[in-house]
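K.L.:
okay, here's the prediction I keep looking at, along with the sequence it came from:
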Amino acid sequence: MGVTIKKKSDKALITVKDLTWGYDGFPLFKKFNFSLYENDFAVIMGDSGVGKSTLVKLITRHISIPAKSIYHKLEDLEEPIEFDFTDEQWDRFDKEFELIYNDTIESSQSFSSNVKRYGLICFRIAMILTTIREMETITDKKILECSNMDFIIALKLTKILLGHSRFIFDSFDENNWLSTQDEKILDDLSNEFERKQAVEMCEKHNIGIRTIDSRLSKWQKMRIIRRVKKGVYKKL
């Protein structure tokens, strides 16, 4: 496995030093070294099973790492940095999401419970944008204040995401979903079946015979089955 890095600056954000790690007696890394610098473009290449995904998990601490082998630029901070909106941004944030919430209740009440989650998404997008923008001086700050540009971008992105999510939510039609009972009936029917077999299957599942024709019609509209000839159907 190899890590190819195009170096663009001298400030290392991540340093891997003499990393030795493996599992079940099989060593994946032995005194492995590299540094990832600010604005670098890095590519991890190698055959299947050589440890590409494992390396990423080690760097992101999803797997416990050996002591003093992987260093991050922000690890030396004695206290975490707090991110926050300005008072003016919070005021606009509250007004914007109040309008969004009221509009959602009027047009799609069942979707309104999701709006608060998008408020959190907006906050996190703004935090990521500002953190990236302030990376050079972030270690010198105790409070990281959101820039107006990042706030506006985050708000616009969130509105776009919310709009797409709401469109998908509203496009769901309960009539286009198979019930568990319908799925069981279809599973029990052969690939090509006659109406009388469907009637027998409905009786087996305690469904009235009168409803079978409406179900066969519904399944055809949903393109789950098609009629081959009178009284004969085929699964699609």
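P.N.:
Thanks, I have it. Numbering: from 1, shown residues only.

K.L.:
going forward, measure contacts and count neighbours with C-alpha atoms only.
P.N.:
OK.

K.L.:
can you map out the helices along the chain?
P.N.:
Taking DSSP state H to define them, one finds helices in the chain at 52-59, 87-107, 115-133, 148-171, 180-188, 195-204, 212-221.

K.L.:
now do the longest one: everything it contacts.
P.N.:
The one in question is helix 148-171. The contact list for helix 148-171 (Cα atoms under 8 Å, 6 or more residues apart in numbering) reads Gln89, Ser108, Phe111, Val115, Tyr118, Ile121, Cys122, Phe123, Ile125, Ala126, Leu129, Thr130.

K.L.:
tell me which two of the residues you listed sit farthest apart.
P.N.:
Ser108 and Thr130 (33.0 Å; Cα to Cα).

K.L.:
just send the helices of the chain back as a markdown table, with distance to Leu13 too.
P.N.:
Formatted as a markdown table, the helices of the chain follow (distance: least, Cα to Cα, whole Å):
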| stretch | distance to Leu13 |
| --- | --- |
| helix 52-59 | 11 |
| helix 87-107 | 30 |
| helix 115-133 | 12 |
| helix 148-171 | 23 |
| helix 180-188 | 52 |
| helix 195-204 | 65 |
| helix 212-221 | 57 |
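
K.L.:
surely Thr15 is in contact with Glu38?
P.N.:
No. Assessed by Cα atoms under 8 Å, Thr15 is found out of contact with Glu38, at 11.6 Å.

K.L.:
name the residues of stretch 91-101 that are buried.
P.N.:
Phe93, Phe97, Ile100, Tyr101 (16 or more other Cα atoms under 10 Å).

K.L.:
please work out the average pLDDT along it.
P.N.:
Taken as a whole, stretch 91-101 has a mean pLDDT of 89.

K.L.:
next one: that stretch to chain centre, how far?
P.N.:
25 Å (Cα atoms, centre = their mean, to the nearest Å).

K.L.:
please apply the same query to stretch 28-39.
P.N.:
28 Å.

K.L.:
show me which residues of that stretch are buried.
P.N.:
Leu28, Phe29, Phe34, Ser35, Leu36, Tyr37, Glu38.

K.L.:
least confident pick among those residues?
P.N.:
Within those, lowest confidence goes to Glu38 (71).

K.L.:
so, low pLDDT: which residues of this protein?
P.N.:
Where the chain drops to pLDDT under 70, the residues are 1-11, 24-25, 60-62, 65-80, 105-112, 138-141, 170-177, 208-209.

K.L.:
same thing but 90
P.N.:
1-84, 97-121, 124, 127-145, 159, 161-190, 195-224, 229-231, 235-236 (pLDDT under 90).

K.L.:
how is it carved up into domains?
P.N.:
2-76, 82-172, 180-235 (automatic domain parsing).
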